[in-house]
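Asker: Show me the folded form of this:
(one chain, ligands or ions: 1)
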Amino acid sequence: MKNIVILISGRGSNMEAVVRTARSEGWPARVAAVISNRADAGGLAFAQAHGIPTAVVPSKNYPDRASFDAALQHEIDRFAPDLVVLAGFMRILTAPFVAHYEGRMLNIHPSLLPAHPGLDTHRKCLEAGEREHGATVHFVTAELDHGPVVAQARVPVLPGDTEASLAARVLLEEHKLYPYAVRLFIEDRLSIEQGDVRIAQPA
Ligand code: GRF
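Answerer: Numbers count the residues shown, from 1 in each chain. Next comes the predicted model:
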């Protein structure tokens, strides 16, 4: 049984999608903990209601990134994670923290990376007049929203789209994409070769 630790900062709908899919598909994995850097993260209530241990490491209590990341790492490692899943975790992580979880930490980003790293991806997509948008799951590396891509989901940009309508269309795809990608990891089907992700056939 593999242990997954999920980090959130807010609503936690991607966390919820992973928890629900892991259970409904009977993965050989458990979500061992959901950890937030904010006590008011909405997703904590869902985790608690589903019997998942939760913890809060309040980023505002730490003077700098290094001390926060050290405290967070300590909390995560109590749950012996095979995989750390960033699900709307709104923190820039330090290089030592990222190195500690190298090859076993995934993030989901609401754009077709390498397009639009950072914040406000839906607005940037609309402003650029693009006809396609989407989401990316990638391994986390020290550079923000970079790192080897595991999977992407594409959606069309439709006439009259607003940031909200586009975000909602992308989010629906995120809720399928992230469980798919996490499952590939859990099944030991992912490897990184010369910076690219290889997906092995099912055993
Ligand atoms: C998602 O759009 C995710 O791609 C981005 O932040 C949002 C988090 O939403 N990183 P939720 O907390 O999973 O509902």
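Asker: Please tell me how far whichever residue of the chain sits closest to the ligand sits from Ser36.
Answerer: In the chain, the residue that lies nearest the ligand is Gly88 (2.7 Å; C-beta to the nearest ligand atom). The way it works is simple: take the backbone N, C-alpha and C, and place the C-beta from them, glycine included. Relative to Ser36, Gly88 is positioned 10 Å away (C-beta to C-beta, to the nearest Å).
Asker: quick one, strands of this structure?
Answerer: For the chain, the strands defined by DSSP state E cover 2-8, 29-36, 54-56, 83-86, 105-109, 132-139, 149-156, 190-193, 196-199.
Asker: what does the chain put close to the ligand?
Answerer: Neighbours of the ligand within the chain, by C-beta under 6 Å from any ligand atom: 8, 10-14, 87-88, 108-110, 135, 171, 174.
Asker: Poorly predicted segments of this structure, please.
Answerer: Within the chain, no stretch has pLDDT under 70.
Asker: before we move on, back to that, which among the residues of the chain next to the ligand end up buried?
Answerer: Neighbour-count burial (16 or more other C-beta atoms under 10 Å) is assigned, among the residues of the chain next to the ligand, to 8, 10, 12-14, 87-88, 108-110, 135, 171, 174.
Asker: ok, so of those, who is nearest Glu75?
Answerer: Set against Glu75, the nearest of those by C-beta to C-beta is Ile8 (13.3 Å).
Asker: do you know how far that closest one is from Val98?
Answerer: Using C-beta to C-beta, one obtains 18 Å as the distance from Ile8 to Val98.
Asker: How about Met1?
Answerer: For Met1, the distance to Val98 (C-beta to C-beta) stands at 26 Å.
Asker: what about the two, which has more around it?
Answerer: Neighbour totals were compared for Met1 and Val98, and Val98 leads with 17 against 9 (other C-beta atoms under 10 Å).
Asker: Surely that one and Ala142 touch.
Answerer: Yes: between Val98 and Ala142 a contact is recorded at 5.0 Å, counting by C-beta atoms under 8 Å.
Asker: Can you get me a residue count around His74?
Answerer: As a burial measure, His74 scores 10 neighbours (other C-beta under 10 Å).
Asker: Now do the helices in the chain.
Answerer: Listed in chain order, the helices of the chain (DSSP state H) span 13-24, 43-49, 65-77, 95-100, 121-127, 163-186.
Asker: who wins for proximity to Gly147 among those?
Answerer: Set against Gly147 and scored by C-beta to C-beta, the helices of the chain come closest in helix 95-100, at 9.0 Å.
Asker: can you give me how far that closest one is from the chain middle?
Answerer: Taking the mean of its C-alpha atoms, helix 95-100 sits 16 Å from the chain's own mean (C-alpha atoms, centre = their mean, to the nearest Å).
Asker: same question, stretch 29-37
Answerer: The answer for stretch 29-37 is 12 Å, by C-alpha atoms, centre = their mean.
Asker: Thank you, goodbye.
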